[in-house]
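Q: Sharing a model prediction with you, sequence too.
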Amino acid sequence: MKKILILLLLTSVILAACSPQATPQLITMDTNLMKFQPAMIEVKVGQPVKMTMRNSDSVDHDFSIMEIPTSKMSSNAEPVAGHAMGGSSGLAKEPELHMAVAMGKNGTLEFTPTKSGTYEFFCTVAGHKEAGMKGTLVVK
């Protein structure tokens, strides 16, 4: 009986060690002087992403991707006063991935990309994309 219990215990430990764990890819992005740093990000399809955006600028910014297949998206960024995605953004529709961060604050966006590809990200605040606040997310 003792051998069976030990065998069951060892089996459960081995199975737990072999099961795939979805460790998030950690990304830190800084916004300053109308730029995203880094402006090019690579992530893996099917692996969760945890992105922290640090807004060191003297104005509010956001991170937006219009179309990207994802699952399990969440954001802990606090609402930014005056930042509405509806008609005031000038966009025809809302971005599928979005996080607004007030000046001097940080925000976190978590998502899992489900399809490989190249996706443009940008700031939707009027004039910011045109000033160079854009970049590329590559999902491999």
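A: Alright, I've got the coordinates.
Q: show me where the chain has helices.
A: Applying DSSP state H to the chain gives helices spanning 2-18.
Q: so where do the strands sit in it?
A: 25-32, 35-37, 40-43, 49-55, 61-65, 70-75, 97-101, 106-113, 117-122, 134-139 (DSSP state E).
Q: contact partners of the shortest one?
A: In this case it means strand 35-37. Residues outside strand 35-37 that contact it (Cβ atoms under 8 Å, 6 or more residues apart in numbering): 29-31, 63, 121, 123, 132-135. C-beta coordinates here come from the backbone N, C-alpha and C atoms, glycine included.
Q: Would you mind giving these as CSV with neighbour count added?
A: Converted to CSV, these look like this (neighbours: other Cβ atoms under 10 Å):
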residue, neighbour count
M29, 21
D30, 16
T31, 23
F63, 27
F121, 25
C123, 27
G132, 14
M133, 23
K134, 16
G135, 20
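Q: Lowest average pLDDT across the strands of the chain?
A: Mean pLDDT is lowest for strand 70-75 out of the strands of the chain, coming in at a mean of 79.
Q: Counting neighbours, what do you get for G127?
A: Residues near G127, counting by other Cβ atoms under 10 Å, number 9.
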